[in-house]
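Trainee: let me see the structure of the following:
(one chain, ligands or ions: 1)
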Amino acid sequence: MSTTTGNETTWDNVFSYHPMPVDLASADGVFLFDTQGERYFDASGGPFAVSMGHGHPRLTKAIAEQLSSYAYVHPMLGNRRRADLCDRIAEVAPKGMRASYLVSGGSEAVETAIKIARQYHVARGNGGKHKIISNYESYHGMTLATMSLSGNPGTTRHYDPMMLQWPKIEQYSDYRKPESLSRDEWGVLVARELEKTILYHSADSVAAYIATPHGCGSDYGVVPPDAYWREIRRICDENDVLFIADEVVTGFGRTGKWFGMDHYSVDPDMIAFAKGVSSSYVPLGGVIVSDVVNEVFNKGVAFVHGFTNGGNALACAVGCAVIEAIREDGLLEAVREREAQLFSYRDRLLAHPNVADVRGWGLFMVLELVKPDPDGKRNFFAPQEQAELKFQAAMLRNGVAMYSTLYGPNRRPVMQRGLPMWIAPAFIISETEMIEMMDRVDRALHQWEQGMTIP
Ligand SMILES: Cc1ncc(COP(=O)(O)O)c(C=O)c1O
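Mentor: A predicted model of the protein is given here:
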């Protein structure tokens, strides 16, 4: 709870909360407004969450209408909204993936997917299969199990004795690719690390492999070639290992298709989703399972799981409205159009000496920021240089709130390569808004680069 003393709001009673010096008053479309009347572009919809923009009429109407009948009922009662949402998800999910299990966020979705994987194998008589392989530098959530999957020592270090010791492999990276190999050849070689790891641990002990289609850690926004996922699929099939795509960020339109994996010729066995499915208006997440996985449970195996708020009627109502809006307002096409506009700034951004790379897909752009080096080598900022803090000051001063800038003043860079900064605006951003936002980003980058002298 914040305390208000006169006009001053303090945050003393909010546990471990260190907000930016921006006191928000309202939000509309792609804009945030503070109590001083300043306007900021919500340049990444928070952490890629607000995909539909703020105050979207369809979404607010759907919530209000649902609220006027009921907001919440016991999960065991026939809550029609849950079925409506699962029907709509089935219509847009990859072929052969129809049933969804609903939860309230991304970490819960990933945790649910790995429990489904475990029960799937147990039900088929393979009780030894329990390990979940994931990627180094990945991020899959903040619960103990999802942190165990996440290969980020920065977030797990205090909890190491509590982490599940599951194997990790290198993810696809263009940066490690030998020049002599094509992306396809390299993709196959990288994927084979999964095969080696399954063999090393024995396929009898491995339940699933989980990965994000959009890369992670310092490889955020590196988009692997089709050959990579085809090889991953082959290895999983041959070893009876389920492939879980963590589409918490990429699901529901962010890449210009319903799911990131829709860009590829193979499908996963499960998709974990959250964020974009409700544009984070109401907490919502879930797991879409393949018909093959579902069949095991349909034969009478009860999934031993459940969260009080999974299938919350308000969340389901807004989820239905998001899917309808994406379809009826042509938002996948809009994302692809704005993607072309966003990435047309690539050369202009790369002209900044501190911008080492610009990559991504859809409305998901990663700027990789480094310290320029006269020899042209990549160099990294030391924490005491406070590069991120100064970057965030420059962006906010120019009316832009970006994901990294929203981490707050206590964050220190942990990435081995550059600082990843994300531009991921809402799908409804207009052409002129994009022009203004990118001009502001460009200006802020100039100011930040000027010797990093901004206080
Ligand atoms: C890929 C991925 N998986 C899972 C999560 C966890 O989602 P949540 O914060 O809703 O628990 C996130 C959050 O950013 C994410 O990026």
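Trainee: what residues does the protein put near the ligand?
Mentor: Applying Cβ under 6 Å from any ligand atom, we find that the chain lies next to the ligand at 47, 105-107, 110, 139-142, 212, 246, 248-249, 274. C-beta: built from backbone N, CA, C; applies to glycine.
Trainee: now, which of these sits nearest the ligand?
Mentor: For the residues of the chain next to the ligand, the residue nearest the ligand by Cβ to the nearest ligand atom is residue 106; the value is 2.1 Å.
Trainee: so residue 119 sits right up against residue 293, yeah?
Mentor: No - Residue 119 is beyond contact range of residue 293, at 9.6 Å (criterion: Cβ atoms under 8 Å).
Trainee: so which residues of the chain form helices?
Mentor: Here the chain has its helices, by DSSP state H, at 45-48, 57-69, 80-92, 106-123, 144-149, 153-156, 183-201, 226-238, 291-298, 313-328, 331-343, 346-350, 387-397, 431-449.
Trainee: now the spatially most central residue of the chain, nearest residue through space, not along the chain?
Mentor: Nearest residue to the geometric centre of the chain (Cα atoms, centre = their mean): residue 249, 2.5 Å. Excluding the flanking residues, the one nearest residue 249 by Cβ to Cβ, 6 or more residues apart in numbering is residue 48, at 4.8 Å.
Trainee: ok, the residue lying closest to residue 255 once chain neighbours are set aside - contacts?
Mentor: Spatial nearest neighbour of residue 255, excluding adjacent residues (Cβ to Cβ, 6+ apart): residue 362 at 3.5 Å. Contacts for residue 362 were tallied using Cβ atoms under 8 Å, 6 or more residues apart in numbering; they are 250, 253, 254, 255, 256, 257, 335, 336, 339.
Trainee: distance check, residue 362 against the ligand.
Mentor: Distance of residue 362 to the ligand, computed by Cβ to the nearest ligand atom, to the nearest Å: 15 Å.
Trainee: and for residue 355?
Mentor: Distance, residue 355 to the ligand, using Cβ to the nearest ligand atom: 23 Å.
Trainee: if we can go back for a sec, pretty sure the residue nearest to the centre of the chain sits against residue 220.
Mentor: No - Residue 249 is not in contact with residue 220 according to Cβ under 8 Å; the separation is 9.5 Å.
Trainee: so what sits against both of the two?
Mentor: Jointly contacting residue 249 and residue 220 under the rule Cβ under 8 Å, 6+ apart are residue 214.
Trainee: now for the residue nearest to residue 249: which residues touch it?
Mentor: For residue 48, the contact set (Cβ under 8 Å, 6+ apart) comprises 249, 254, 275, 276, 364, 403, 422, 424.
Trainee: quick one: which of those sit in strands?
Mentor: Of the contacts of residue 48, the ones assigned to strands by DSSP state E are residue 422.
Trainee: from the contacts of residue 48, which shows the smallest pLDDT?
Mentor: Lowest pLDDT among these: residue 403, with 76.
Trainee: you'd agree that residue is up against residue 419?
Mentor: No - contact criterion Cβ under 8 Å: residue 403 and residue 419 do not qualify, at 11.2 Å.
Trainee: the contacts of residue 362: which two are farthest apart?
Mentor: Using Cβ to Cβ, the two most remote members of those are 250 and 336, lying 14.3 Å apart.
Trainee: the more surrounded of those two?
Mentor: Each of residue 250 and residue 336 has its neighbours counted (other Cβ atoms under 10 Å); residue 250 has more, 28 against 17.
Trainee: and the more buried one, what does it touch?
Mentor: 212, 213, 214, 259, 260, 362, 364.
Trainee: give me the nearest residue to it, chain neighbours excluded.
Mentor: Of all residues not flanking residue 250 in the chain, residue 260 sits nearest, at 3.3 Å (Cβ to Cβ, 6+ apart).
Trainee: what about that neighbour, distance to the ligand?
Mentor: Here residue 260 is placed at a distance of 10 Å from the ligand (Cβ to the nearest ligand atom).
Trainee: how close does residue 161 sit to the ligand?
Mentor: From residue 161 to the ligand the distance is 23 Å (Cβ to the nearest ligand atom).
Trainee: who's in contact with that residue?
Mentor: Taking Cβ under 8 Å, 6+ apart, we find residue 161 in contact with no residue.
Trainee: also residue 138?
Mentor: 149, 150, 151, 152, 168, 171, 210, 211, 212, 216, 217, 246.
Trainee: I'd say residue 210 and residue 132 touch.
Mentor: Yes - using Cβ under 8 Å, residue 210 is in contact with residue 132, at 6.0 Å.
Trainee: show me whatever sits in contact with both of these two.
Mentor: By Cβ under 8 Å, 6+ apart, residue 210 and residue 132 have these common neighbours: 114, 149, 244.
Trainee: where does this protein have low pLDDT?
Mentor: Residues of the chain meeting the criterion pLDDT under 70: 1-9, 374, 376-378, 404-418, 451-455.
Trainee: roughly how far does the residue in the stretch 351-455 of the chain that the ligand sits nearest to sit from residue 352?
Mentor: Nearest residue of the stretch 351-455 of the chain to the ligand: residue 403, at 9.5 Å (Cβ to the nearest ligand atom). Relative to residue 352, residue 403 is positioned 18 Å away (Cβ to Cβ, to the nearest Å).
Trainee: which of the two has more neighbours?
Mentor: It is residue 403, of residue 403 and residue 352, that has more neighbours when counted by other Cβ under 10 Å, with 20 against 17.
Trainee: I appreciate the help and will end here.
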